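With the input below, show me the fold.
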Amino acid sequence: MQSFHIDKTTGKKCAMIGARKLKIFCGEIPEFWEWTSHKDSRFLTVAKLKQVLRFDIRGQIELKILSPKTTYAAYLVFGFTKSYDGSLWSTYGSIGFVDNDKDVDAHKRAITLHLIPGRDKNGNIAVMRPDRWMEVEIGNFYTDQEYNSALEARVWINKGNLKSGLIVEGIEFRSTNAKVVMFRKKKRESRDLFKP
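Numbering: from 1, shown residues only. Model (predicted):
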């Protein structure tokens, strides 16, 4: 599940990897994650976090899908259930090329991501998108690599209390100054809403 578009302002290719194509730690265990529809998603299913201690999401993209010699940023696109308790407001993110990346290196390059808008902390802070999802920048990269290279964007946290209530739509790769594209909303019901 991927979506693609050309940004009208920059003329650059943009892509989003849907939740079903992400590597989500324990994602197929029903006690931890639920796969469900969401009325505001461009994809058929999103991932809803029920309850976990360890949180790890990875999305890989081949650079040949994107525009060459271009600066991109990767964004986690997400929302919350009505019952979200604030347990997952801070996490870590990193970007790395798949052939050279090791988890140890990812921890060295990690930046702090804040999933709640308006937190006055160091690190990248989530913002509300015009399509009613939120996003937080995981990191940026330049597509001046070999044409067959692949890149991994990762969001994780390995400690703390139980975490729940997060809804993951996907990871989006947009060039610098590209706009968020509004996709036509699908007409279907969903139990999950965003907090006002």
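
do you know how far Ser67 is from Leu151?
Per C-beta to C-beta, to the nearest Å, Ser67 is found 14 Å from Leu151. All C-beta atoms are positioned from the backbone trio N, CA, C, and that covers glycine.

Among these two, which residue is more densely surrounded?
Neighbour count, other C-beta atoms under 10 Å: between Ser67 and Leu151, Leu151 has more, with 23 against 17.

quick one: the more buried one from Val180, how far?
20 Å.

likewise Gly79?
According to C-beta to C-beta, Gly79 and Val180 sit 14 Å apart.

With Asp7 instead?
Using C-beta to C-beta, Asp7 is found at 10 Å from Val180.

so what's in contact with these two at the same time?
Contact with both Asp7 and Val180 is made by residues Arg174, according to C-beta atoms under 8 Å, 6 or more residues apart in numbering.

Report the contact partners of the residue nearest the centre of the chain.
Centroid-nearest residue in the chain: Leu76, 2.0 Å away (criterion: C-alpha atoms, centre = their mean). By C-beta under 8 Å, 6+ apart, the contact list for Leu76 reads 57, 93, 113, 135-136, 138, 153, 155, 168, 171.

Sort out for me which of these are in strands.
57, 93, 113, 135-136, 138, 153, 155, 168, 171 (DSSP state E).

Check pLDDT for those residues and point me to the minimum.
pLDDT across the ones in strands among the contacts of Leu76 is lowest for Leu113, at 91.

Stretch 45-55: end-to-end distance?
Chord length of stretch 45-55, first to last residue, is 19 Å (C-alpha to C-alpha, to the nearest Å).

brain fart, stretch 50-64
One end of stretch 50-64 sits 35 Å from the other (C-alpha to C-alpha).

Just checking the distance from it to the centre of its chain.
8 Å (C-alpha atoms, centre = their mean, to the nearest Å).

Okay, buried residues for that stretch please.
Buried residues in stretch 50-64, defined by neighbour count with 16 or more other C-beta atoms under 10 Å: 50, 52, 55-59, 61, 63.

just curious, which of these is nearest to Pro30?
Distance to Pro30, by C-beta to C-beta, is smallest for Lys50 among the buried residues of stretch 50-64, at 8.0 Å.

Phi first, then psi, for the closest one.
Main-chain torsions, Lys50, degrees, to the nearest 10: phi -90, psi -50.

Next: Thr70.
Dihedral angles (degrees, to the nearest 10) for Thr70: phi -140, psi 140.

Run a quick neighbour tally on it.
Thr70 has 18 neighbours, counted by other C-beta under 10 Å.

and what of Leu88?
Residues near Leu88, counting by other C-beta under 10 Å, number 22.

Likewise for Ser175?
Ser175 has 20 neighbouring residues, counting by other C-beta under 10 Å.

these two touch, right, it and Ser67?
Yes. Ser175 lies in contact with Ser67 (C-beta atoms under 8 Å); the separation is 6.4 Å.

shared neighbours of these two, anything?
By C-beta under 8 Å, 6+ apart, the residues touching both Ser175 and Ser67 are 12-13.
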